[in-house]
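[1] got a predicted structure here, sequence first:
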Amino acid sequence: MAKRVLVVAGREGVAPALQTQIEIWGGALDFALATSANEALWEVRGSPYDLVLAPWQLPEMTGLEFAEVVQALSPATRLILIGVPVTPALQNQAKSLGVYALLAQATPQEIAGFIGRALEIPLPQPRPAPLPRPTPPPARETPTAAPAPPAKGEAPPPAAPAQPKAPTAAAPAAAARPKAPPTAPPAPRVTLTPAQQQGARQSLQDLLVSIGPQVAFLISTAGDLLASEGSAGDLDLVALAARAVPSLAGSDGLARALGDDLLSSLYLFTGSRYDLYAFTVTRTIMLLFIFDKTVVEGKLGSVWLYTRRVVEGLRESLSP
């Protein structure tokens with residue numbers, strides 16, 4: 001299967017050096033095009049790519065901010081940024097964000113070389129067109145003689161003996177019933193102090209102002225609603241909290257399997273009218289907010305960049 005590569009357009013559209021890569025690699029790579037950074041992030045989130053090629057000048061965010069969100073959504077995706085004013089400090093930042101390469105001014109051939117090394121595949125070599133093979137003459141068909149009928153008074157040849165039926169295997173013994181998995185202990189209850197309540201509400205209000213969701217709220221892994229700001233409208237936040245917990249509570253176990261303390265997980269549930277974003281704050285608290293797309297639609301890149309900073313503040317104030 002061909003490696004998947006996403007090409008992102010910048011402020012000036014698709015750079016000619018990036019457009020040329022499609023011609024250089026031909027069918028060796030599976031290319032897709034995103035017309036903006038936010039569209040590229042939706043693509044990476046929905047179906048991770050092996051490599052993303054993007055210019056440094058993006059209309060919605062800087063190249064490093066774009067790299068940060070790509071790394072969060074798809075850590076295995078490699079990123080090459082083109083047209084970068086490379087400095088030692090910028091290279092250190094890019095390295096910490098997992099950027100594969102920063103290129104200042106590069107020819108299409110140099111970019112193709114970086115693509116080959118990033119994907120660990122050789123550069124395609126142009127091959128001469130094969131010479132046409134001569135068409136062999138059609139073979140003559142040899143008529144097949146029909147079997148001679150038996151002579152008068154002669155018995156027809158005996159039919160082949162019927163093959164004996166294979167013995168039927170005995171039905172296997174009924175398998176033993178598997179043991180039921182152990183029941184997980186109930187999630188601990190969470191109680192916020194008045195000072196924590198006040199700080200949490202202020203953070204939720206900041207989210208409403210900065211990125212524009214309809215409502216933002218904190219829930220515990222036990223399904224309790226801890227704090228909320230905004231207008232829920234017809235939405236039942238308590239019911240949403242109870243239904244969201246089973247989908248969100250798995251990040252703690254995943255973090256333990258990876259040998260990490262806590263994963264900064266982002267979940268997105270998108271529908272025809274509402275988009276629900278969810279972030280892990282602590283092992284027992286999660287942040288959720290909902291966009292009503294008929295009013296305003298959240299942009300994935302902006303949501304991640306701003307909310308990550310809010311989550312860090314909440315984590316510091318709400319951690320036990």
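    Thanks, I have the structure now.
[2] Arg4 touches Glu43, doesn't it?
    No: contact between Arg4 and Glu43 fails when scored by Cβ atoms under 8 Å: they sit 9.7 Å apart. Quick note: C-beta positions are derived from backbone N, CA and C, even for glycine.
[3] name the residues contacting each of the two.
    Ala32, Tyr49 (Cβ atoms under 8 Å, 6 or more residues apart in numbering).
[4] report the buried residues of stretch 208-227.
    For stretch 208-227, burial by neighbour count (16 or more other Cβ atoms under 10 Å) applies to 208, 211-221, 223-227.
[5] that stretch: end-to-end distance?
    14 Å (Cα to Cα, to the nearest Å).
[6] likewise for stretch 27-41?
    Length of stretch 27-41, first residue to last, Cα to Cα: 24 Å.
[7] looking at this structure, which helix or strand is least sure?
    helix 251-257 (a mean of 57; mean pLDDT, DSSP states H and E).
[8] phi, psi for Glu120 please.
    When read as degrees, to the nearest 10, the backbone of Glu120 gives phi 60, psi 50.
[9] count of neighbours near it?
    When neighbours are defined as other Cβ atoms under 10 Å, Glu120 has 8 of them.
[10] that one and Tyr100, how far apart?
    Look at Glu120 and Tyr100: by Cβ to Cβ, to the nearest Å, they are 12 Å apart.
[11] need the contact list for Arg315.
    Val281, Thr282.
[12] helix, strand, or coil at it?
    helix (DSSP: H, G, I helix; E, B strand; the rest coil).
[13] for it, give me the pLDDT.
    We have a pLDDT of 90 for Arg315.
[14] quick one, domains of this structure?
    3-119, 194-318 (automatic domain parsing).
[15] JSON lines please, covering those and showing distance to Gln125.
    JSON lines is the format used below for the domains of the chain (distance: least, Cβ to Cβ, whole Å):
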{"stretch": "domain 3-119", "distance to Gln125": "10"}
{"stretch": "domain 194-318", "distance to Gln125": "38"}
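[16] could you tell me the least trusted of those?
    Taking the mean pLDDT of the domains of the chain, domain 194-318 comes last: a mean of 84.
[17] ok, back up a step: indicate which one of the domains of the chain is closest to Pro188.
    Set against Pro188 and scored by Cβ to Cβ, the domains of the chain come closest in domain 194-318, at 6.0 Å.
[18] residue ranges of the helices in the protein, please?
    Ranges of helices in the chain, per DSSP state H, are 16-25, 37-46, 63-73, 88-96, 108-119, 194-211, 237-248, 251-257, 300-318.
[19] redo those helices as a markdown table? Include distance to Met286.
    What follows is these, written out as a markdown table (distance: least, Cβ to Cβ, whole Å):
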| stretch | distance to Met286 |
| --- | --- |
| helix 16-25 | 38 |
| helix 37-46 | 19 |
| helix 63-73 | 16 |
| helix 88-96 | 27 |
| helix 108-119 | 35 |
| helix 194-211 | 12 |
| helix 237-248 | 5 |
| helix 251-257 | 9 |
| helix 300-318 | 10 |
